[in-house]
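**Student:** model this:
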Amino acid sequence: MRRFASVAVLMVLLLAAQCLAQPVGSLEDLRDKGNITEADRQRIRGWIEAAVKTMLTSTDPSRRGMVVARDSIIYEVTGGSRTPAFVDAFNEEAMAALTAAEKNAISQEARVNFLMIVAQLRTLAGVAILRTALEKDPYPASRYWAAKGLALVAPVIRERVAPRLEAEISETIEKVLDRETSKVTLLQLMDALGQFDHERAHDVFGPAIGKIATRMSASDPVVAQLLGGAVRSLEKAYAREVRPEGKKTLLMAYATLCVWIIPPVADANLMADLNASLEKITGQKVAFVATDDDVMQKLALLEWVEKLLKAKQIPRRPSMPPGIEATVKELVAAGASSGAGGGDVP
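**Tutor:** Numbering: from 1, shown residues only. Presented below is the predicted three-dimensional model:
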């Protein structure tokens, strides 16, 4: 009898723990509503506050409560069909609850969970939190989610036509670029910058790509993915840029890629894509043949640098690795002896 009583007590404790690990109630009946009442908002508010509290303050060593609460919130943000009215109400209440509770997000797990939710909400109200975390958060995983959040919210910022936010985010990215070493975080930051059309974004994006290209090898798959996306974004930015100096900045980024993308490259199409993009924006060609080996393709990319320099579309040659610099000197000497030249770039 005593053993049965002990088992019963244990079951009660386990059930209680499970209840604490999950948000109270369900929002299922609200997801399809076209009109969210104040009573509905109160339910959403109570649900999200309970979930956020568990996510940030659970002391369960297994972190099960944190994970269940976090995933429950993410499901409401990203899972299944939701009416715009529900999404707006949920996002507003979620940001209010997260902002109020941020002081409780102290541990690494809590910080990562907190920023993961802010990122997934994709709201303008969360941008300040993401920018601050990117600049000041000590945890690499937290900074990754801050960067990811800026990339996710970038389309919303463009849709809402918020140039001030584009400029502020660009300035934040510029501040952290030199000290951020995580390739996956830099990938997200360049994704965010590449989506913006603000002049400040273009002024940061070009030099940022140049710095990354000189610091990291395209033989790494993440770096190759980053640089591939950068080529597409540079092409789009160049087409929309109207300032002569802005175009020059972007062309300098192109030239830096031509110099610093060195075979072997993790993305077999990267050098061909870079050449094709330059052909598109300039209307010119160099001796690039897609079926050539890596060395010949690299030599063709170096021709682009000399073409842009002769057309006075870049102010100088980018800095070069010693081996590449020697090759460029040979190309220049050969061009001088043959009288080869290049036309202007639009």
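**Student:** Next, the contact list for Ala300, please.
**Tutor:** The contact partners of Ala300, taken as CB atoms under 8 Å, 6 or more residues apart in numbering, are 275, 286-289, 292. C-beta: built from backbone N, CA, C; applies to glycine.
**Student:** which residues of the stretch 1-150 of the chain fall in helices?
**Tutor:** With DSSP state H, counting those that start in this stretch as the criterion, the stretch 1-150 of the chain has helices at 2-20, 38-57, 64-78, 84-101, 108-121, 127-136, 140-159.
**Student:** what about these, which gets the closest to Thr172?
**Tutor:** In this view, these are compared for proximity to Thr172 by CB to CB, and helix 127-136 is the closest at 4.5 Å.
**Student:** Which positions within that closest one qualify as buried?
**Tutor:** Within helix 127-136, the residues scored as buried using 16 or more other CB atoms under 10 Å are 127, 129-131, 133-134.
**Student:** again with stretch 62-79
**Tutor:** Burial within stretch 62-79, assessed by neighbour count using 16+ other CB under 10 Å, is assigned to 63, 65-70, 72-74, 76-77.
**Student:** next one: stretch 26-44
**Tutor:** Taking 16+ other CB under 10 Å as the criterion, stretch 26-44 shows 27, 30-31, 36, 40, 43-44 as buried.
**Student:** In which helix or strand does the most centrally placed residue in the chain reside?
**Tutor:** Centroid-nearest residue in the chain, with CA atoms, centre = their mean: Gln188, separated by 1.9 Å. With the criterion set as DSSP states H and E, the secondary-structure element containing Gln188 is helix 183-194.
**Student:** And for Thr249?
**Tutor:** When elements are assigned from DSSP H and E, Thr249 belongs to helix 244-260.
**Student:** Could you pull up the mean pLDDT of that helix?
**Tutor:** Computed over helix 244-260, the mean pLDDT rounds to 97.
**Student:** likewise stretch 280-287?
**Tutor:** What stretch 280-287 shows for mean pLDDT is 95.
**Student:** so how far is it off the chain centroid?
**Tutor:** 30 Å (CA atoms, centre = their mean, to the nearest Å).
**Student:** Dump that stretch to CSV, keeping only the CA atoms.
**Tutor:** Output in CSV follows, covering the C-alpha atoms of stretch 280-287 (Å, rounded to 0.1, in the frame of the first residue of the first chain):
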residue,chain,number,x,y,z
LYS,A,280,26.0,41.7,-67.7
ILE,A,281,26.7,45.0,-65.9
THR,A,282,29.4,46.2,-68.3
GLY,A,283,28.3,44.9,-71.6
GLN,A,284,31.9,43.7,-72.2
LYS,A,285,33.8,40.4,-72.2
VAL,A,286,37.1,39.0,-71.4
ALA,A,287,38.7,35.7,-72.5
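**Student:** for the host helix or strand of Glu306, which positions count as buried?
**Tutor:** Glu306 belongs to helix 294-310 when elements are defined using DSSP H and E. Along helix 294-310, the positions that meet the burial threshold by neighbour count (16+ other CB under 10 Å) are 297-310.
**Student:** Kindly report the same for stretch 89-103.
**Tutor:** Result for stretch 89-103 [16+ other CB under 10 Å]: buried residues 89-95, 97-98, 101-102.
**Student:** Other residues contacting that stretch?
**Tutor:** Contacts made with stretch 89-103 from outside it, assessed by CB under 8 Å, 6+ apart, are listed as 27, 36, 40-41, 44-45, 48-49, 52-53, 56, 73, 76-77, 82, 114, 117-118, 121, 123, 125-126, 129.
**Student:** any idea how far Ile76 lies from Asp294?
**Tutor:** One correction, residue 76 is Glu, not Ile. With the distance defined as CB to CB, to the nearest Å, Glu76 ends up 49 Å from Asp294.
**Student:** wait, Leu115
**Tutor:** The span separating Leu115 from Asp294 equals 40 Å under the rule CB to CB.
**Student:** quick one on the thing from earlier: could you look up the next helix or strand downstream of the helix holding Thr249?
**Tutor:** Next along the chain after helix 244-260, taking DSSP H and E as the criterion, comes helix 270-282.
**Student:** got the angle between that following helix and helix 244-260?
**Tutor:** Direction vectors for helix 270-282 and helix 244-260, defined by axes from the mean of the first three to the mean of the last three CA atoms, to 10 degrees, enclose an angle of 160 degrees.
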